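Novice: sharing a sequence plus its predicted fold:
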Amino acid sequence: VPYCTGDVHVGNRVATYTDPTGVNPPITFRHNGYNNTIAIANFLHGRFPSINKLLVTGFSAGGVASSATFYNVRRTLVPTKAYLLNDSGPLFPAPNSSYSSWQLHQTIKAAWNLTSVFSSLPASFNQNDFGSMNSMVATQFPNDKLAITEFSSDYNFSRFSYERFFPGITQSGILTKWRTDQTNRCTDAVAVLIA
């Protein structure tokens, strides 16, 4: 699926952004990823009404999308077995402001109108924590195979996650936050397995 809506395939808002320097004119962006995802899933279901095995995958922003859209895609396509492979697009838990990804999550939640998208998810999803998508999917589909691959020294996705929210942060500081978020996600995953 082409990535042209700038919202990891889950946005539901038309937004106008202004250049803080005032040099460039405002730009209107159609964060229509959610509706596109639902339309694509419905199209595929009509074309392939019976699916034995389904793999939902993506990398970087597409990795986030694979995790963020898995629930809706899986429920629409109703495969016998489903697999999720998120390559380098982690959704870290951030239930409150003490978590490093909290500011990023709050920013995109508002920019993309994620409240409208989150309201369609089951109660096991915490609408105040985009990162709870991982445990919600694992809870809803306990027999599916879910995986994520990533590096502990990723200095690409990690910069996007923290740099603008922590002015003056160094590479070392960014990677420290990244590794802490990785640990928090692992702790969250263990809690799901125990439950």
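Specialist: Noted; the coordinates are in hand.
Novice: contact partners of the helix or strand hosting Ala147?
Specialist: Element membership of Ala147 [criterion: DSSP states H and E] is strand 145-149. Strand 145-149 is contacted by residues 63, 67, 70, 81-88, 90, 134, 137-138 when judged by Cβ atoms under 8 Å, 6 or more residues apart in numbering. To be clear about C-beta, it is placed using only N, CA and C from the backbone, and glycine gets the same treatment.
Novice: let's go with 7 Å and repeat that
Specialist: 83-88, 90, 137-138 (Cβ atoms under 7 Å, 6 or more residues apart in numbering).
Novice: and the two most separated of those residues?
Specialist: Ser88 and Ala138 (19.3 Å; Cβ to Cβ).
Novice: in TSV, list the contacts of strand 145-149 along with secondary structure, pLDDT and neighbour count.
Specialist: Compiled in TSV, those are given as follows (DSSP: H, G, I helix; E, B strand; the rest coil; pLDDT from 0 to 100; neighbours: other Cβ atoms under 10 Å):
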residue	secondary structure	pLDDT	neighbour count
Tyr83	strand	98	16
Leu84	strand	98	26
Leu85	strand	98	17
Asn86	strand	97	26
Asp87	strand	97	15
Ser88	coil	95	18
Pro90	coil	95	23
Val137	helix	97	25
Ala138	helix	95	18
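Novice: ok, so of those, who is nearest Tyr34?
Specialist: Relative to Tyr34, and with distances defined as Cβ to Cβ, the nearest of the contacts of strand 145-149 is Val137, at 16.3 Å.
Novice: run through the protein and note the low-pLDDT ranges.
Specialist: 188-195 (pLDDT under 70).
Novice: so which residues of it form strands?
Specialist: Secondary structure of the chain (DSSP state E): strands at 13-17, 27-31, 53-59, 81-87, 145-149.
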